[in-house]
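> Task: produce atomic coordinates for the following.
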Amino acid sequence: MSIFSRTRDIIAANVTDLLDKAEDPARMIRMIIMEMQETLAEVRAGAARTIADQKEMERAVARAEAAQASWTEKAELALSKGREDLATAALLEKAKAKSFADATRADIGQLDDGLNANADDIRRLEGKIREAQQRQNTLLTRIENANTRTRMRAMYKGPRIEDAFAKFEVIERRADLAEGHADSFSLGGPARTLDDEFADLKQDHGIQTELAAMKARLQTKEG
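Numbers count the residues shown, from 1 in each chain. This is a model prediction of the structure:
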């Protein structure tokens, strides 16, 4: 495939369609940009060679035109000296030079047509490269975000999360047991001793004695 055919194929390609068909879009977009840049470099190199050829051909045309003028002068000189044979020979050389110049100009024109078409290809290819580069970061970010979401969802729905929550339940059970053990010490109050029992009796006796005295005073006042 020629450089120009390959360039037109790349220009005609839809970048989005290529990425949709790719197994690895990130790798695909890098390959697309690299391919475009390599093709652009080859096209530019080919254009540079064509321009150099044109310049050389233009110099050849200039030399042919100078030769025509020279052979005209020689033909006139020979004719003025009565040498018609030399004049005829000079005019034949002039005709050859003119034929060469005309053919070379035609070749230069064809090269111009090719360069114009090539220049259009280059502009369009540069546009495709800019488009791909502008989309590259956005596409790669979208791909990375999608991969991250996939990993998160796989983790959320996978056995690792279930195992983690099962471990949490075990730890919560241990915490419940520890708290229950601590709370058990407050149940039932402190154990009563024999001294506590006698102290209660003394307190009850004192209260009963005071109550009897109060009743006696009230009866005295009423009587």
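> hey, let's count contacts and neighbours off CA atoms from now on
Noted.
> what packs against the strand or helix carrying Gln134?
Using DSSP states H and E, Gln134 sits in helix 84-157. Packing partners of helix 84-157 (3 or more Cα pairs under 8 Å, 6 or more residues apart in numbering; DSSP states H and E): helix 3-12, helix 25-80.
> and the helix or strand in which Thr209 is found, average pLDDT?
Using DSSP H and E, the element containing Thr209 is helix 194-222. Mean pLDDT, computed over helix 194-222, is 75.
> for that helix, the distance to its chain's centre please.
Relative to the mean C-alpha coordinate of its chain, helix 194-222 is positioned 96 Å out (Cα atoms, centre = their mean, to the nearest Å).
> coming back round to it: let me have the helices and strands packed on helix 84-157 in JSON lines, extended by mean pLDDT, mean neighbour count and distance to Gln203.
Shown next, in JSON lines, are the helices and strands packed on helix 84-157 (pLDDT from 0 to 100; neighbours: other Cα atoms under 10 Å; distance: least, Cα to Cα, whole Å):
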{"stretch": "helix 3-12", "mean pLDDT": "52", "mean neighbour count": "15", "distance to Gln203": "109"}
{"stretch": "helix 25-80", "mean pLDDT": "89", "mean neighbour count": "16", "distance to Gln203": "92"}
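> Dump these to a markdown table, plus distance to Met214.
Output for the helices and strands packed on helix 84-157, formatted as a markdown table (distance: least, Cα to Cα, whole Å):
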| stretch | distance to Met214 |
| --- | --- |
| helix 3-12 | 119 |
| helix 25-80 | 103 |
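> and of those, who's closest to Ala213?
helix 25-80 (104.4 Å; Cα to Cα).
> quick one, what contacts Ile122?
By Cα atoms under 8 Å, 6 or more residues apart in numbering, the residues touching Ile122 are 40, 43-44.
> mind redoing it with 7 Å?
Leu40 (Cα atoms under 7 Å, 6 or more residues apart in numbering).
> Could you do Met57 as well?
Counting by Cα under 7 Å, 6+ apart, Met57 has contacts Thr104.
> Could you report the neighbour count for Gly109?
Counted with other Cα atoms under 10 Å, the neighbours of Gly109 add up to 13.
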